[in-house]
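In: here is a sequence with its predicted model. Questions after.
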Amino acid sequence: MRPGPGGRPLAVAVVCAGVFLGAVDSHLVNVAFPTMLRDFEGTDLARLSWVFNGYTIAFTAALLPAGGLADRFGRRRVYLAGLAVFVAASAACALAPGPGVLIAARLVQGAGGGVITPLALALILPWFGEERRGTGIGLWSATQSVAIAAGPAIGGSLVATWDWRTIFWLHLPVGVAALVLSLVVLPRDAPDGAPELPDLAGLPLLVAAIGLPSLAIVQSRSWGVLDARTALVLAAGAAAGFAFHRRAVRHRAPLVDLAVLRVRTTLRANTAMFVLGLVMFALPLAAVLFLTGVWGYSEARAGLAITPAPAIQVIVAPLAGRLMRRTGFRRMALAGAAALAGSVVLLAVAAGPEASYAAVFLPALLLGGGGVALLVTALSGAALAEVPPDRLATGTSLSVTARACGAVIGLSTLAVVLASAPRDSLTPYRTVWWAMAVLCAGVVALAARLPARAVRAAGPR
């Protein structure tokens, strides 16, 4: 049942505060990463990359269970639990005495973040009618863009003034306020009767399916790409994924209802979202490392320099949400993919060893930021277009999971490529940007097969 419109502005604002918290974290950490490397002397880039890789893996592993649990026990209840875990883990990150404790705390924090992001969208959409679903998606996407825009500047300033630990202390006041207000303004939505507990035994299989391929990619530098250990870990990840799929399709109460993916539009949109995830999270980290390593920018200056990309997303995402019903999923996704491809090609062709920010980097940032905003809005809309209302949390979790799985692989691969070359070398960055251009071509191919127009969502099952 859809909530009444009277409390919508406050409820949506409170949920968006949680969205902001989950989205800003990675971008604060990206900017602070060079400082962490210096602070934890003797820890190399590949190991410390688990500060964001571990977070991303835990985030991704929590997405599908969050959707399944929310559809059974209520979105509000599960969302609040995830928010509380995220806030508590942020304090543990700030207090971490060494890289091992920090990585462990980031794993817990990632699990909390993996609950916040998809369930926030599932909580927002019921406040909007079917005809305004794009507006709700646009607000959710724009909130993430605001966080991305603010993150580098805030992170750079905090690191320059104090140290990297302050970025985690920043989460506490925002998180506590969002938690208290959510308890007050979000309506209860627990289902009637005693819900059946989902197949939590499948959770370790899901974690292994996501984490082991990432581990193989990161360790391939020290083990060797063709080493038996690399192949064994990859094979174990594939086996875990196969076993998880078998449990999901056979169990009476699966961790996630994979029947949602039988709809072609949903499957194609989520596949495109996965490929987009390979690019959109690695691109800003590569930009920060390029600016600090090749052009010699400080962390604070690099943070400010990449801000135009998310800033343009803040403008484009709400507009895209309003226009989506008029333009359709296909045209919007194609325009976004073309813009993102243009941005990375421009960097690959024109970025050199000498700083040329206004002529090269800024136009690439604006193109890429606008392209990401169009793609996230269009692909999110297409992924949810035919999902039944009683599986909305599962649908949003699948969409965000696809993007996050791409992020795990993209960030892990980026760490391996850049760790094998001097920080001031231009060659690995050009390799990365050309690889991103090829991936963007894949998004174009997938977007071309989306419906030309928005389709009506299926009714409750």
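Out: Everything's here; your move.
In: and the strands in the stretch 251-400 of the chain?
Out: Per DSSP state E, counting those that start in this stretch, the stretch 251-400 of the chain carries no strands over any range.
In: could you list the low-confidence segments of it?
Out: Within the stretch 251-400 of the chain, no range satisfies pLDDT under 70.
In: and stretch 91-107, C-alpha only, in PDB?
Out: What follows is stretch 91-107, C-alpha atoms only, in PDB (Å, rounded to 0.1, in the frame of the first residue of the first chain):
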ATOM      1  CA  ALA A  91      33.600   4.800  14.600                       C
ATOM      2  CA  ALA A  92      35.700   1.600  14.500                       C
ATOM      3  CA  CYS A  93      37.400   2.800  11.300                       C
ATOM      4  CA  ALA A  94      38.300   6.100  12.900                       C
ATOM      5  CA  LEU A  95      39.900   4.300  15.900                       C
ATOM      6  CA  ALA A  96      41.700   1.600  13.900                       C
ATOM      7  CA  PRO A  97      45.400   1.300  15.100                       C
ATOM      8  CA  GLY A  98      46.600  -0.400  11.900                       C
ATOM      9  CA  PRO A  99      45.600  -1.500   8.400                       C
ATOM     10  CA  GLY A 100      44.300  -4.900   9.500                       C
ATOM     11  CA  VAL A 101      41.800  -3.500  12.000                       C
ATOM     12  CA  LEU A 102      40.900  -0.800   9.500                       C
ATOM     13  CA  ILE A 103      40.200  -3.300   6.700                       C
ATOM     14  CA  ALA A 104      38.100  -5.500   9.100                       C
ATOM     15  CA  ALA A 105      36.100  -2.400  10.200                       C
ATOM     16  CA  ARG A 106      35.600  -1.500   6.600                       C
ATOM     17  CA  LEU A 107      34.100  -5.000   5.900                       C
END
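In: now that stretch: average pLDDT?
Out: Averaged across stretch 91-107, the pLDDT comes to 91.
In: so which bits of it are buried?
Out: For stretch 91-107, the neighbour count (16 or more other C-beta atoms under 10 Å) marks 92, 93, 94, 96, 99, 102, 103, 104, 105, 106, 107 as buried. Backbone N, C-alpha and C define where each C-beta goes, glycine included.
In: which residues sit against that stretch?
Out: 36, 40, 43, 47-48, 50-52, 54-55, 57-58, 89, 108-109, 165-166, 168-169, 172 (C-beta atoms under 8 Å, 6 or more residues apart in numbering).
In: same deal with stretch 292-311?
Out: Taking C-beta under 8 Å, 6+ apart as the rule, stretch 292-311 contacts 27, 31-32, 34-35, 145-157, 159-160, 284, 287-288, 291, 353, 355, 357, 361-362, 365-366, 368-369, 372, 423-426, 429.
In: weed out the non-buried ones from those residues.
Out: 27, 31-32, 34-35, 145-157, 159, 284, 287-288, 291, 355, 361, 365-366, 368-369, 372, 426, 429.
In: go ahead and confirm residue 241 touches residue 207.
Out: No: in this structure, residue 241 is not within contact of residue 207 by C-beta atoms under 8 Å, at 10.9 Å.
In: quick one on the thing from earlier: among the contacts of stretch 91-107, which ones are buried?
Out: Of these, these count as buried by 16+ other C-beta under 10 Å: 36, 40, 43, 47-48, 50-52, 54-55, 57-58, 89, 108-109, 165-166, 168.
In: looking at the residues you listed, which are in helices?
Out: Among these, the ones falling in helices (DSSP state H) are 36, 47-48, 50-52, 54-55, 57-58, 89, 108-109, 166, 168.
In: return the residues in contact with the closest residue to residue 375 other than its chain neighbours.
Out: With sequence-adjacent residues excluded and distances taken as C-beta to C-beta, 6 or more residues apart in numbering, residue 375 is closest to residue 336, at 3.7 Å. Residues near residue 336 by C-beta under 8 Å, 6+ apart: 370, 371, 372, 373, 374, 375, 378, 447.
In: can you list contacts of stretch 76-89?
Out: 15, 18, 21-22, 62, 66, 69-70, 105-106, 108-109, 111-116, 119-120, 123, 171-172, 175-176, 178-179, 182-183, 186-190.
In: coming back round to it: let me have the contacts of residue 336 in JSON lines, adding distance to residue 137 as columns.
Out: Below are those laid out as JSON lines (distance: C-beta to C-beta, whole Å):
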{"residue": "370", "distance to residue 137": "17"}
{"residue": "371", "distance to residue 137": "17"}
{"residue": "372", "distance to residue 137": "14"}
{"residue": "373", "distance to residue 137": "11"}
{"residue": "374", "distance to residue 137": "12"}
{"residue": "375", "distance to residue 137": "12"}
{"residue": "378", "distance to residue 137": "9"}
{"residue": "447", "distance to residue 137": "16"}
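In: center of the chain - which residue?
Out: In the chain, the residue lying closest to the centroid (C-alpha atoms, centre = their mean) is residue 404, at 4.9 Å.
In: gap between that residue and residue 113?
Out: Between residue 404 and residue 113 the computed distance is 10 Å (C-beta to C-beta, to the nearest Å).
In: and what of residue 23?
Out: In terms of C-beta to C-beta, residue 23 sits 9 Å off from residue 113.
In: please apply the same query to residue 319.
Out: Using C-beta to C-beta, we find residue 319 at a distance of 27 Å from residue 113.
In: repeat that for residue 414.
Out: Residue 414 is 20 Å from residue 113, by C-beta to C-beta.
In: which of those two has more residues huddled nearby?
Out: The neighbour comparison of residue 414 against residue 113 (other C-beta atoms under 10 Å) goes to residue 113, with 30 against 25.
In: give the buried residues for the helix or strand harbouring residue 429.
Out: Residue 429 is part of helix 427-447 when elements are defined by DSSP states H and E. For helix 427-447, the neighbour count (16+ other C-beta under 10 Å) marks 428-429, 432-433, 435-437, 439-440, 442-444, 446-447 as buried.
In: contacts only, for the closest residue to residue 271 other than its chain neighbours.
Out: Using C-beta to C-beta, 6+ apart and skipping residues adjacent in sequence, the residue nearest residue 271 is residue 446, 5.7 Å away. Residue 446 is in contact with 268, 271, 272, 275, counting by C-beta under 8 Å, 6+ apart.
In: got a pLDDT number for residue 446?
Out: pLDDT, residue 446: 93.
In: backbone phi and psi for residue 295, please?
Out: phi -90, psi -10 (degrees, to the nearest 10).
In: what's the local residue count around it?
Out: Residues near residue 295, counting by other C-beta under 10 Å: 20.
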